[in-house]
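Enquirer: Predicted model follows, preceded by the sequence.
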Amino acid sequence: DTGVSQNPRHKITKRGQNVTFRCDPISEHNRLYWYRQTLGQGPEFLTYFQNEAQLEKSRLLSDRFSAERPKGSFSTLEIQRTEQGDSAMYLCASSLGGMGEKLFFGSGTQLSVL
Amino acid sequence: RKEVEQDPGPFNVPEGATVAFNCTYSNSASQSFFWYRQDCRKEPKLLMSVYSSGNEDGRFTAQLNRASQYISLLIRDSKLSDSATYLCVVNMLVGGGADGLTFGKGTHLIIQP
């Protein structure tokens, strides 16, 4: 399978715990994005990487959130001290970049914070 | 004013009918436009880009109206499998940077047999 892969698919955690998600993009794509989506809303941009460099972070991304892409391949998104409001689908996408760039999404990680 | 607005629906349409919905955007300098499709509990998938002159892909036609700042999607001869949420995506940045991709909330379409 050469698509974008995310794991885990589902994560249930208790408030205050830390969680980490992983994303493996399409291998030839140099851009990688993280989005968050809640029910009835469109995906909201969190952050993106050009190769290993994190180029932009949304104001939605509080200091409890951190993302890395250490070798320009897979990426991790960590949420520290989770809150109930963090419950959402976390989507990863990759692209080749450029104007009119097309995003290819992974299946997402559904986070439930109890 | 929200950046990308869509009528959330749902649009209930009989199979075989034609359906159209619009999406308005706030930044007149927006450069690129897309329609994505999202099935229930699935990830969004690109349906089609929207070009200035309008474009067609099979039963789907996308139009861009820069003067009125909206894009449209028309589906002809609708199929049951067209039932999904259709997300309007606009790149709000003049330079087309990746962080400028803004998604609407989506329009929910239900095709009824």
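Expert: Everything's here; your move.

Enquirer: what's in contact with stretch B:62-69?
Expert: Residues outside stretch B:62-69 that contact it (C-beta atoms under 8 Å, 6 or more residues apart in numbering or on different chains): B:24-26, B:28, B:33, B:35, B:48-52, B:54-56, B:71-74. C-beta coordinates here come from the backbone N, C-alpha and C atoms, glycine included.

Enquirer: So which of the residues you listed belong to strands?
Expert: Secondary structure from DSSP state E places B:24-25, B:33, B:35, B:48-50, B:55-56, B:71-74 of these in strands.

Enquirer: How about the secondary structure of the spatially most central residue of chain A?
Expert: Per C-alpha atoms, centre = their mean, the C-alpha nearest to the average position across chain A is that of A:Trp34, at 3.2 Å. Three-state call for A:Trp34 (DSSP: H, G, I helix; E, B strand; the rest coil): strand.

Enquirer: which outside residues touch the stretch of helix or strand A:Gln110 belongs to?
Expert: Using DSSP states H and E, the element containing A:Gln110 is strand A:109-113. The contact list for strand A:109-113 (C-beta under 8 Å, 6+ apart) reads A:6-15, A:19, A:21, A:79, A:82-90.

Enquirer: can we see that at 7 Å?
Expert: A:6, A:8-13, A:15, A:19, A:21, A:82-84, A:86-90 (C-beta atoms under 7 Å, 6 or more residues apart in numbering or on different chains).

Enquirer: cool, stretch A:77-90 as well?
Expert: A:13, A:15-21, A:34, A:36-38, A:64-67, A:108-113.

Enquirer: Can you list the low-confidence ranges for the chain?
Expert: Unless you meant another one, I'm taking chain A. Per-residue confidence for chain A (pLDDT under 70) gives these ranges: A:1, A:99-100.

Enquirer: Oops, wrong one, chain B.
Expert: For chain B, the stretches flagged by pLDDT under 70 are B:1-2, B:94-99.

Enquirer: need the residues of it near chain A, please.
Expert: Contact residues (C-beta under 7 Å from any C-beta of the partner chain) of chain B with chain A: B:31-32, B:43-46, B:49, B:87, B:96, B:98-99, B:101, B:103-106.

Enquirer: mind listing the helices for chain A?
Expert: Using DSSP state H, chain A contains no helices.

Enquirer: residue contacts, the residue in chain B that chain A sits nearest to?
Expert: Of all residues in chain B, the one sitting closest to chain A is B:Phe103 (3.3 Å; C-beta to the nearest C-beta). Listed by C-beta under 7 Å, 6+ apart, the contact set of B:Phe103 reads A:Gly42, A:Pro43, B:Val4, B:Leu87, B:Val89.
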